[in-house]
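Peer 1: Here is my input; please provide its structure:
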Amino acid sequence: MHPDDPTAQKLTDAPSTTRTRDAASTERTIGRHRAPEPPPRRALLGSTPVRVALATGVTCCLGLGAFAAARDGQEAPQPVRPIADALADRAAIADERASRSLDRDLAPARVLPNPTAAPTPTPTVTRKAPKKPVKPRRPRPVAGLDQQQMDNAKIIVDVGVGLKMPRRALVVALATAMQESNLYNLASDVLPESSEYPHQGSGSDHDSVGLFQQRPSSGWGTVAELMRPSYAAQAFYTALAEIPGWQDMSLTAAAQAVQVSAYPDAYAPHEDRATTVAAALLA
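Peer 2: Numbering: from 1, shown residues only. Here you go, the predicted model:
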């Protein structure tokens, strides 16, 4: 088309409707019909979705770090719990504490003492008296002996049993004591010292003392020792055991070998009674 063509000029000079509309919209924007401004933006980290996403990202990073540390042989760090879960747990714990406090039993009321009430009597504890030691039972006398004689006979038998002497030795010792002291623990009128010890009579045959009338001057022991029936019996058994073949001797021969008495046959009459007493004490 030629530029001088009137038709082209008309087309060129015609106003553009598009521009007019744009000017009108621009005028509304800056005129009295101005559109309202958009609301201000909230802080990015203030919104809950963003914080949850941030916590989730931190948890993932810690998980990756834990996995890498585990591969290197190191202890994995503990993962950080999401903030929402931690807040929910704290709320649950608070509710639980509140409900538990409601179910708690009431403390018992304190009872104050009544000053006018009678005092409560203190219960009396009955204590049993300590048992007295039981004395050994005394043997019942046999063969015409009294209690003192029977007690001395028991000492002679007990000492012989303790020395593991045969029964025959017990009979020999009993018959000897029957002849020498009639089974009494005798002091000596010749030795005033002997009367200072427990005794059951006295004799006057030189310095002879005790159940077997043993003499301190002959080396049987001291006066204090021979006045003890248990020591006197032990001294007799020791001397009897030193006599060779005493087991095959008669009672009077065995007793005479120990005592060296002026009356060697005086022991034989006591053999039957000594046998009876020994049997009673060994029963």
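Peer 1: Please make it C-alpha for all contacts and neighbour counts, starting now.
Peer 2: OK.
Peer 1: What is the burial count for the closest residue to residue 254 other than its chain neighbours?
Peer 2: Closest residue to residue 254 apart from its sequence neighbours, by C-alpha to C-alpha, 6 or more residues apart in numbering: residue 246 at 5.6 Å. By other C-alpha atoms under 10 Å, the residues close to residue 246 number 18.
Peer 1: didn't residue 246 look like it was pressed against residue 240?
Peer 2: Yes: using C-alpha atoms under 8 Å, residue 246 is in contact with residue 240, at 7.2 Å.
Peer 1: who touches both of the two?
Peer 2: Common neighbours of residue 246 and residue 240, using C-alpha atoms under 8 Å, 6 or more residues apart in numbering, are residue 254.
Peer 1: What segments of the stretch 51-200 of the chain are strands?
Peer 2: 187-188 (DSSP state E, counting those that start in this stretch).
Peer 1: For it, which residues score under the pLDDT cut-off?
Peer 2: 51-115, 117-119 (pLDDT under 70).
Peer 1: can you give me the helices for it?
Peer 2: 83-103, 147-162, 167-181 (DSSP state H, counting those that start in this stretch).
Peer 1: Pull out the buried residues from the shortest one.
Peer 2: Going by neighbour count (16 or more other C-alpha atoms under 10 Å), the buried part of helix 167-181 is 167, 169-181.
Peer 1: Can I get these in CSV including distance to residue 210?
Peer 2: Shown next, in CSV, are these (distance: C-alpha to C-alpha, whole Å):
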residue, distance to residue 210
167, 22
169, 19
170, 17
171, 18
172, 17
173, 13
174, 13
175, 15
176, 12
177, 9
178, 12
179, 12
180, 9
181, 8
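Peer 1: With adjacent residues omitted, what lies nearest to residue 212?
Peer 2: residue 177 (5.2 Å).
Peer 1: which residues sit in contact with the one you found?
Peer 2: Contacts of residue 177 by C-alpha under 8 Å, 6+ apart are 183, 211, 212.
Peer 1: Would you list the buried entries among those residues?
Peer 2: Buried among the contacts of residue 177 by 16+ other C-alpha under 10 Å: 183, 211, 212.
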